[in-house]
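sequence and predicted structure are below.
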Amino acid sequence: MAEPKSTSVMDADKVDRSLTRIAHEIVERHREIAQLVLVGVRTRGVPLARRLQHKIGVIEGKELPLGILDINLYRDDITSVGPSAILKETIIHFPIDERRVILVDDVLFTGRTVRAALDGLMDFGRPRSIELAVLVDRGHRELPIRADYVGKNVPTGLDEMVQVLLQEEDGRDEVLIVKKPEKKEGRRSPPRETARAAR
Amino acid sequence: MLVDTKLQTSGRKTATAGARPSARRSTAARRPEGAADAQSARVEAATPEPKTEKRLIALKQNHLLGMQGLAAEEITLILDTARSFAEVSTRSIKKVPTLRGRTIVNFFMEPSTRTRSSFEIAEKRLSADALNFSPGASSVVKGESLLDTARNLEAMAPDMIVIRHKSSGAPHFLARHCRAHIINAGDGWHEHPTQALLDAFTIREKKGKLKGLRVAIIGDLMHSRVLRSNIFLLKTMGADVVACAPPTLTPVELSRLGVQVTWRIDEALEGADVVMMLRIQRERQKSGAFPSAREYYNLYGLTVERARRARTDAIIMHPGPMNRGVEIDSAVADGPYSVILDQVTNGVAVRMAVLYLLAGGTLGELAD
């Protein structure tokens, strides 16, 4: 298969500095740190949330509770395009009622994943507030959703894909913009392709 | 439904399939974060394939008609997915919106409490609209043919039909005549796939694996669809199966399925990791298959003494409903090695997984 063209937009140092800044922004905005909990959206929101947990721990000397959310059960296209990933467990073992939740994901795109994540969180209780932290905001929102903390705004075209690589999952930290492969090269059917891009 | 070549970069992923030894539902939610991380699949949407590894994310079929012909990777996918659904049943709000707006018909032509309510709970927890269609209330008793019933069901445009029928092959017939996804909830003496799946799920939860285990299945082998589904599944997953029954209840062709067959219960129990008891229907006594329930109990009933022949960490299973004092002694059924109620709990998660995975598929074409 032909190697698609890719451009690096964030290196490991930039990723780390962005997360450090976000951690500081979070503690700046929330004086009562005891109220805060972090929830990472599978897959790559989880290591990011864990890193924020560590960084906030260093700043405040307190480790925030961390939950893991799988949004697959809340997707709006499950019956039209089918599962896009193997369903994993949601692990939130603390009450989120009256807590201030920081939802963490890698890329903010159409907003549909975040919509699903919000619905998922509501099934676990009634948080006092929910804020959104993302490493990359690539635009093209389809829903009225915005991020409260952004690592980097990356303008993209719809024919491009943003690929976040993280040490924990991929062996290195980097953010790439990749030109979408031509349809005829891909083995996947068109609707599935659209659905993936939409995530 | 297609096999998707979902991309994985992390090689750790493959290890998760069978390797969760004693994680019970309750404790599973409290697992250390590290463990969860190690399992996370690579699901980022629009990524090109760096280091690709083929992994199934959807079933290859549109229906679940039987375990025969289901590939090991599909079984693993269902069991892995069920694991995540077990968590939903531990929440205070036991409902997710996944199948909102989907209609599922539970078409039960044979009496069933456990299986039907298990499917119904699974459907409700997935927010599907469930419709129950059973003999007492249906026109089938008034002489309607299965084909006409199928066409009438079809006319109501259900997305899925769960069927239990006394005739083997009825689900397959329905699959040819309906666009809906068909799930076999037991057909005649043929198959009962979701029972085998929930049994496998329970074994995997307790033993951490299926491969290489010695599974003794004891009871009415002749009339048991649970047995047939279990044999197909267990053999596919690499377990050793030994089946035991009186000669009158042992079908001759059984050994052709790669199963060791014996008439002596002690021999079957020797060294077993899993003991699966099958229900003895008292009606069979009239057909001369065995002289009396008491005699059956004396020769084939699972007592505490007999169970000692199995491995010290063996688990005891029964698909229910149990005949205490016929195929199983109460002391065993309620004993520390019994996982009979876990089977019931796991049934809901497994059925949610099956419904979820089938819902992702496209509706079939009509055969005629």
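Now that the structure is in, tell me what you want to look at. Please read all numbers here as calculations on a predicted model, not as lab measurements.

the residue in the stretch 201-350 of chain B positioned nearest to chain A and residue B:118, how far apart?
In the stretch 201-350 of chain B, the residue that lies nearest chain A is residue B:349 (11.1 Å; CB to the nearest CB). No exception for glycine: its C-beta is placed from N, CA and C like everyone else's. Distance from residue B:349 to residue B:118, counting by CB to CB, to the nearest Å: 10 Å.

got it, and residue B:265?
Distance of residue B:265 to residue B:118, given as CB to CB: 29 Å.

hang on, residue A:179 packs against residue A:159?
Yes. Using CB atoms under 8 Å, residue A:179 makes contact with residue A:159 at a distance of 6.7 Å.

and the residue nearest the centre of chain A?
Of all residues in chain A, the one closest to the mean position by CA atoms, centre = their mean is residue A:105, 1.3 Å from it.

wait, it touches residue A:46, no?
No. Counting by CB under 8 Å, residue A:105 does not reach residue A:46; the two are 9.5 Å apart.

so what does the helix or strand hosting the residue of the stretch 201-350 of chain B closest to chain A touch, helix or strand wise?
Element membership for residue B:349, per DSSP states H and E: helix B:340-359. Packing partners of helix B:340-359 (3 or more CB pairs under 8 Å, 6 or more residues apart in numbering or on different chains; DSSP states H and E): helix A:78-81, helix B:72-88, helix B:114-125, strand B:160-165, strand B:181-187, helix B:193-207, strand B:315-317.

just the pLDDT at residue B:285, thanks.
Looking at residue B:285, its pLDDT is 75.

ok, residue B:39 next?
Looking at residue B:39, its pLDDT is 36.

same deal with residue B:19?
We have a pLDDT of 38 for residue B:19.

any chance you could map the helices in the chain?
Picked chain A for this. A:12-29, A:45-60, A:78-81, A:112-122, A:167-170, A:190-198 (DSSP state H).

wait, chain B
Secondary structure of chain B (DSSP H): helices at B:25-28, B:33-39, B:72-88, B:114-125, B:146-155, B:170-177, B:193-207, B:225-236, B:265-269, B:283-286, B:293-300, B:304-307, B:330-333, B:340-359.

flag the shaky bits of chain B, pLDDT-wise.
Counting by pLDDT under 70, chain B contains low-confidence ranges at B:1-55, B:135-141, B:361-368.

try 90
Residues of chain B that meet the criterion pLDDT under 90 lie in B:1-62, B:69, B:91-93, B:109-113, B:133-154, B:252-253, B:255, B:281-293, B:320, B:359-368.

do the same with chain A
For chain A, applying pLDDT under 90 flags the ranges A:1-6, A:32, A:43, A:72, A:75-90, A:93, A:179-199.

give me the number of neighbouring residues for residue B:253.
Neighbour count of residue B:253, defined by other CB atoms under 10 Å in any protein chain shown: 7.

revised request: answer the last question for residue A:63.
So residue A:63, with other CB under 10 Å, has 12 neighbours.

any idea how far it lies from chain B?
When distance is defined by CB to the nearest CB, to the nearest Å, residue A:63 is 11 Å away from chain B.

excluding its backbone neighbours, what's nearest that residue?
What sits nearest to residue A:63 in space, not counting adjacent residues and going by CB to CB, 6 or more residues apart in numbering or on different chains, is residue A:57, at 4.7 Å.

distance check, that neighbour against residue A:64.
Taking CB to CB as the measure, residue A:57 falls 7 Å from residue A:64.

contacts only, for residue A:137.
A:107, A:108, A:147, A:150, A:152, A:153, A:154 (CB atoms under 8 Å, 6 or more residues apart in numbering or on different chains).

who does it bridge with?
Per DSSP bridges, the residues bridged to residue A:137 are residue A:108, residue A:153.

which residues of the stretch 151-300 of chain B lie near chain A?
Proximity of the stretch 151-300 of chain B to chain A (CB under 8 Å from any CB of the partner chain) is limited to residues residue B:159.

point me to the residue of the stretch 151-300 of chain B nearest chain A.
Per CB to the nearest CB, residue B:159 is where the stretch 151-300 of chain B lies closest to chain A, at 7.7 Å.

isn't that residue up against residue B:183?
No. Contact status for residue B:159 versus residue B:183: not in contact, 11.2 Å apart, counting by CB under 8 Å.

the two: which has the busier surroundings?
Taking neighbours as other CB under 10 Å, residue B:159 and residue B:183 compare with residue B:183 leading, 26 against 20.

about what we covered before: there's contact between the residue of the stretch 201-350 of chain B closest to chain A and residue B:79 in this structure, I believe.
No. If you go by CB under 8 Å, residue B:349 and residue B:79 don't touch, sitting 9.7 Å apart.

what's near enough to touch the residue nearest to the centre of chain A?
Contacts of residue A:105 (CB under 8 Å, 6+ apart): A:40, A:41, A:44, A:45, A:48, A:113, A:114, A:117, A:132, A:133, A:134, A:135.

those: which ones sit near chain B?
Applying CB under 8 Å from any CB, the subset of the contacts of residue A:105 adjacent to chain B comprises residue A:44.

residue A:24: which of the contacts of residue A:105 is nearest?
residue A:133 (12.1 Å; CB to CB).

ok, and the closest non-adjacent residue to that closest one?
Leaving aside its chain neighbours, residue A:133 sits nearest to residue A:149 (3.9 Å; criterion: CB to CB, 6+ apart).
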